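Trainee: please work out how this folds:
(chains A and B)
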Amino acid sequence: SQKIEQNSEALNIQEGKTATLTCNYTNYSPAYLQWYRQDPGRGPVFLLLIRENEKEKRKERLKVTFDTTLKQSLFHITASQPADSATYLCALAKGGSQGNLIFGKGTKLSVKP
Amino acid sequence: NAGVTQTPKFRVLKTGQSMTLLCAQDMNHEYMYWYRQDPGMGLRLIHYSVGEGTTAKGEVPDGYNVSRLKKQNFLLGLESAAPSQTSVYFCASSLGAGAYNEQFFGPGTRLTVL
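Mentor: Numbering: from 1, shown residues only, chains lettered A, B, ... in the order given. Take a look at the predicted model:
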């Protein structure tokens, strides 16, 4: 069966450093990959979408890569701040109008001042 | 714009009771979704709708029913609640297919079944 793994349940880093979160998948060929941020007690908020034919996508301090050979996506936050502390979810989907997102369990990021 | 709203925010049920969770969106989105989120399990899709009057099963549909009588509303029903349905429920909507469109999530409903 298809499986998505976010390889760290928790990641602690120092303010100003780059946070790198990993999303691996098996038995799956997604056409799209999305990243969401979730704060405690709140619903997820969309951050970035990347397509299978795109290697990299950037948005301000965020960068996502998508390697279909390695079956992996990396999510980077540069110059991290305490306000970046949250749980980050990756989600995959196949193409087509009926394709739905399959979510990973998330990585909880803590940025210490 | 209120975005996606959910009512109620919290609810406690006894086993066997029924209830309906209401989701409303004011963004004129075609697609709507119901997810549940459990510790260590991530978000799982219960049911979804690709337009008014349509519904379809997701990954974990058993024990739930849904209706989309109006484009802006998506209702999730539990006919006979079980403790295994204790969870946080999130509604989401998207302009087009959720695979390649941003999904907007509501604040969630925390349901406890005793």
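Trainee: centre-most residue in chain B?
Mentor: Nearest to the mean C-alpha position of chain B, by CA atoms, centre = their mean, lies B:Trp34 at 2.7 Å.
Trainee: quick check: that one is in a strand.
Mentor: Yes - assignment of B:Trp34 by DSSP: H, G, I helix; E, B strand; the rest coil places it within a strand.
Trainee: in contact with it, which residues?
Mentor: Contact partners of B:Trp34, counting by CB atoms under 8 Å, 6 or more residues apart in numbering or on different chains, are B:21, B:23, B:45-48, B:58, B:64, B:66, B:74, B:76, B:89-91. (Each C-beta comes from the backbone N, C-alpha and C, glycine too.)
Trainee: now do B:Leu75
Mentor: B:20-23, B:66-69 are the contacts of B:Leu75 under CB under 8 Å, 6+ apart.
Trainee: and B:Ser80, how far from chain A?
Mentor: 26 Å (CB to the nearest CB, to the nearest Å).
Trainee: ok, now B:Ile46?
Mentor: Taking CB to the nearest CB as the measure, B:Ile46 and chain A are separated by 11 Å.
Trainee: not counting sequence-adjacent ones, nearest residue to that residue?
Mentor: B:Trp34 (4.4 Å; CB to CB, 6 or more residues apart in numbering or on different chains).
Trainee: run through the bridge partners of that neighbour.
Mentor: Per DSSP bridges, the residues bridged to B:Trp34 are B:His47, B:Cys91.
Trainee: can you redo the contacts of B:Trp34 as JSON lines with distance to B:Gly108 and neighbour count?
Mentor: Shown next, in JSON lines, are these (distance: CB to CB, whole Å; neighbours: other CB atoms under 10 Å in any protein chain shown):
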{"residue": "B:Leu21", "distance to B:Gly108": "10", "neighbour count": "21"}
{"residue": "B:Cys23", "distance to B:Gly108": "11", "neighbour count": "25"}
{"residue": "B:Leu45", "distance to B:Gly108": "15", "neighbour count": "21"}
{"residue": "B:Ile46", "distance to B:Gly108": "13", "neighbour count": "23"}
{"residue": "B:His47", "distance to B:Gly108": "16", "neighbour count": "22"}
{"residue": "B:Tyr48", "distance to B:Gly108": "17", "neighbour count": "26"}
{"residue": "B:Gly58", "distance to B:Gly108": "17", "neighbour count": "17"}
{"residue": "B:Tyr64", "distance to B:Gly108": "16", "neighbour count": "19"}
{"residue": "B:Val66", "distance to B:Gly108": "17", "neighbour count": "23"}
{"residue": "B:Phe74", "distance to B:Gly108": "14", "neighbour count": "31"}
{"residue": "B:Leu76", "distance to B:Gly108": "12", "neighbour count": "21"}
{"residue": "B:Tyr89", "distance to B:Gly108": "7", "neighbour count": "22"}
{"residue": "B:Phe90", "distance to B:Gly108": "5", "neighbour count": "25"}
{"residue": "B:Cys91", "distance to B:Gly108": "8", "neighbour count": "28"}
